[in-house]
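Visitor: got a structure for you, letters missing:
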């Protein structure tokens, strides 16, 4: 997202698909793009950039991670997916910390990668 690198546990992602326009939901928060249809399943899509930085412009062309959250599919839009690899994560606050969306920090080629708890993020958005 912009100049920052974010990561997630690949086991959270069910599928990675190209960005597609969403049907906006009236009254939804700015970080909720709207709804898309994925092979007959209606999916709520969250703009991760706007969720992390409300002053940021909405993503118009990027990638959507499809995440299975409980019994539903949720999309998380990102600028791009750079790589899929194993990381040694220095666990920060973790999933037990009452709603935190940061799981920990890792390093790739001397760059810091903030590892997000996508389940916690989705839970916050869907329950708000």
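Guide: Cool, got the structure. Values in this document were obtained by computation on a predicted structure and should not be read as measured data. Numbers count the residues shown, from 1 in each chain.
Visitor: any stretches of the chain with poor pLDDT?
Guide: Within the chain, the stretches with pLDDT under 70 are 1-2, 92-99, 128.
Visitor: tell me which other helices or strands the biggest helix by length in the chain touches.
Guide: Looking across the chain with DSSP state H, the single longest helix is helix 118-127. Here helix 118-127 touches strand 41-47, helix 48-52, strand 63-69, strand 72-78, going by 3 or more C-beta pairs under 8 Å, 6 or more residues apart in numbering; DSSP states H and E. For every residue, glycine as well, the C-beta is placed using N, CA and C.
Visitor: residues near residue 38, how many?
Guide: When counting by other C-beta atoms under 10 Å, one arrives at 16 neighbours for residue 38.
Visitor: use 54 as the first number from now on
Guide: OK, 54 is where the count begins now, so the last one is residue 91.
Visitor: circling back: quick one: buried residues of the longest helix of the chain?
Guide: With burial defined by 16 or more other C-beta atoms under 10 Å, the residues of helix 171-180 counted as buried are 171, 172, 173, 174, 175, 176, 177, 178.
Visitor: got these as CSV, with distance to residue 109 columns?
Guide: Formatted as CSV, those follow (distance: C-beta to C-beta, whole Å):
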residue, distance to residue 109
171, 18
172, 23
173, 20
174, 15
175, 19
176, 22
177, 17
178, 16
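Visitor: just the residues you listed now: which is nearest residue 125?
Guide: For the buried residues of helix 171-180, the closest approach to residue 125 (C-beta to C-beta) belongs to residue 175, at 9.1 Å.
Visitor: what's the closest non-adjacent residue to the spatially most central residue of the chain?
Guide: The chain has residue 129 as the residue nearest its centroid, 4.0 Å off, counting by C-alpha atoms, centre = their mean. Take residue 129 and drop its neighbours on the chain: the residue closest to it by C-beta to C-beta, 6 or more residues apart in numbering is residue 118, 4.7 Å away.
Visitor: same thing with residue 88?
Guide: Once flanking residues are discounted, residue 88 sits nearest to residue 76: 4.9 Å by C-beta to C-beta, 6+ apart.
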